[in-house]
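Asker: Structure for this input, please:
(one chain, ligands or ions: 1)
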Amino acid sequence: MSDSVERLYQAVLAARDLDPATSRTARLFRSGSGKMAKKLAEEAIEVVIDAINGDREAVVRESADLIYNLTVLWASAGVRPEDVWQEMNRRETLLGIAEKLPKPGVKVAKPTLRPARRPIAAIEARAARKRH
Ligand SMILES: N=c1c2ncn([C@@H]3O[C@H](COP(=O)(O)OP(=O)(O)OP(=O)(O)O)[C@@H](O)[C@H]3O)c2ncn1[C@@H]1O[C@H](COP(=O)(O)O)[C@@H](O)[C@H]1O
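Answerer: Just a heads-up that it's a prediction; the model follows:
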């Protein structure tokens with residue numbers, strides 16, 4: 001996924017200064033971050049509505065629009081996809097460590113004590129007695 005988002009991000013950067021008459025992206029950049037944020041929010045709401053309605057195909061289509069509008073807003077805010085991947089990696093590492101630690105307030109069960117094993121020497125002595 002990150003590869004196609006990278007390519008889309010580069011395409012958005014390349015379209016930023018094109019003729020607004022032919023490029024939706026250039027139009028969005030002319031309109032400013034308020035309009036970009038509004039488009040992103042609209043697409044997010046469309047995804048939510050389609051998911052609630054159980055329209056899987058529409059969720060896929062609207063998700064692609066959502067990601068496009070997200071990359072436009074990133075480009076406008078000076079955020080690069082790799083900045084987001086880095087943050088995701090940081091969380092993955094952090095949560096990966098956190099998963100291994102006991103959660104605060106959760107009591108860790110004490111290991112149950114097993115009955116002591118009979119000494120091996122005693123077993124060997126019994127085996128020796130049987131042989132005689
Ligand atoms: N990936 C996309 C992309 N995804 C979605 N969209 C557009 O965003 C629209 C979704 O918004 P809406 O549903 O609001 O569509 P609308 O009703 O026509 O909305 P308005 O923008 O007219 O208000 C879709 O219909 C697409 O036209 C995209 N527009 C452009 N790109 C890519 O962006 C790059 C630059 O393209 P241009 O903007 O055409 O220069 C190219 O690589 C394109 O492939």
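Asker: Determine the three-state secondary structure at P20.
Answerer: coil (DSSP: H, G, I helix; E, B strand; the rest coil).
Asker: got the contact list for D65?
Answerer: E43, E46 (C-beta atoms under 8 Å, 6 or more residues apart in numbering). Every C-beta, even on glycine, is put in place using the N, C-alpha and C of the backbone.
Asker: check which helix or strand covers it.
Answerer: helix 56-77 (DSSP states H and E).
Asker: Output the below-cut-off pLDDT ranges for the chain.
Answerer: 108-132 (pLDDT under 70).
Asker: circling back: with just CA atoms, put the helix holding D65 into PDB.
Answerer: Once non-C-alpha atoms are left out, helix 56-77 reads as follows in PDB (Å, rounded to 0.1, in the frame of the first residue of the first chain):
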ATOM      1  CA  ARG A  56     -18.500  -3.000   0.200                       C
ATOM      2  CA  GLU A  57     -17.700  -1.800  -3.400                       C
ATOM      3  CA  ALA A  58     -18.600   1.700  -2.500                       C
ATOM      4  CA  VAL A  59     -16.300   1.500   0.600                       C
ATOM      5  CA  VAL A  60     -13.500   0.500  -1.700                       C
ATOM      6  CA  ARG A  61     -14.200   3.400  -4.100                       C
ATOM      7  CA  GLU A  62     -14.700   6.000  -1.500                       C
ATOM      8  CA  SER A  63     -11.600   4.800   0.400                       C
ATOM      9  CA  ALA A  64      -9.500   5.500  -2.700                       C
ATOM     10  CA  ASP A  65     -11.000   9.100  -2.900                       C
ATOM     11  CA  LEU A  66     -10.300   9.500   0.800                       C
ATOM     12  CA  ILE A  67      -6.600   8.500   0.400                       C
ATOM     13  CA  TYR A  68      -6.300  10.900  -2.600                       C
ATOM     14  CA  ASN A  69      -7.700  13.800  -0.600                       C
ATOM     15  CA  LEU A  70      -5.500  12.800   2.400                       C
ATOM     16  CA  THR A  71      -2.400  13.000   0.200                       C
ATOM     17  CA  VAL A  72      -3.500  16.400  -1.100                       C
ATOM     18  CA  LEU A  73      -3.800  17.700   2.500                       C
ATOM     19  CA  TRP A  74      -0.400  16.100   3.500                       C
ATOM     20  CA  ALA A  75       1.300  17.900   0.500                       C
ATOM     21  CA  SER A  76      -0.300  21.200   1.500                       C
ATOM     22  CA  ALA A  77       0.700  20.700   5.200                       C
END
